[in-house]
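> Okay, sequence plus prediction incoming.
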Amino acid sequence: MNPQDEITIKKFGVNVKLYRKQKGLTILQLAEICLVDYTTISRIERALVNTTVTMVARIANALEVEETKLFN
């Protein structure tokens with residue numbers, strides 16, 4: 001994998017966790033809102049997977065943030 005891709009995936013995971021905690025949600029709660037298994041959110045937050053555009057949109061919607069904020 002391209003090193004820049006790895007950095008982007010890590011930033012995304014860190015920001016998902018940050019915004020999730022700011023909303024007071026557990027991984028399980030966020031997963032339920034996004035209609036996925038909790039392991040999916042856990043793997044995203046730990047940068048173990050490169051997720052889909054659809055999942056980015058679901059997560060952003062659940063966290064009530066713009067998609068771009070999850071990549072900054």
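On my side now, so go ahead. Numbering: from 1, shown residues only.
> my guess is residue 38 meets residue 31, correct?
Yes. Between residue 38 and residue 31 there is a contact at 4.1 Å, judged by Cβ atoms under 8 Å. Yep, even glycine has a C-beta here, placed from its N, CA and C like the rest.
> The two: which is more packed in?
Higher neighbour count among residue 38 and residue 31: residue 31, with 20 against 15, using other Cβ atoms under 10 Å.
> Now do the more buried one against residue 46, distance only.
Distance of residue 31 to residue 46, computed by Cβ to Cβ, to the nearest Å: 14 Å.
> spatially speaking, which residue is in the middle of the protein?
In the chain, the C-alpha nearest the mean C-alpha coordinate belongs to residue 16, at 3.9 Å (Cα atoms, centre = their mean).
> Which strand or helix spans it?
Following DSSP states H and E, one finds residue 16 within helix 3-22.
> Also residue 48?
Going by DSSP H and E, residue 48 is not part of any helix or strand.
> residues contacting it?
Residues near residue 48 by Cβ atoms under 8 Å, 6 or more residues apart in numbering: none.
> any idea how far it is from residue 68?
22 Å.
> May I see the buried residues of stretch 14-22?
Residues 15-17, 19-20 are the ones in stretch 14-22 that count as buried (16 or more other Cβ atoms under 10 Å).
> now do stretch 43-57
Going by neighbour count (16+ other Cβ under 10 Å), the buried part of stretch 43-57 is 44-45, 47, 51, 55-56.
> between the residues you listed, which is closest to residue 11?
The closest of those to residue 11 turns out to be residue 47 (Cβ to Cβ; 8.6 Å).
> you'd agree the closest one is up against residue 10?
Yes. With contact defined as Cβ under 8 Å, residue 47 counts as touching residue 10 (4.4 Å).
> Which strands or helices does the helix or strand where residue 56 lies pack on?
Using DSSP H and E, residue 56 falls within helix 53-63. In terms of contacts (3 or more Cβ pairs under 8 Å, 6 or more residues apart in numbering; DSSP states H and E), helix 53-63 is packed against helix 3-22, helix 27-34, helix 38-45.
> tell me the mean pLDDT for that helix?
Mean per-residue pLDDT for helix 53-63: 98.
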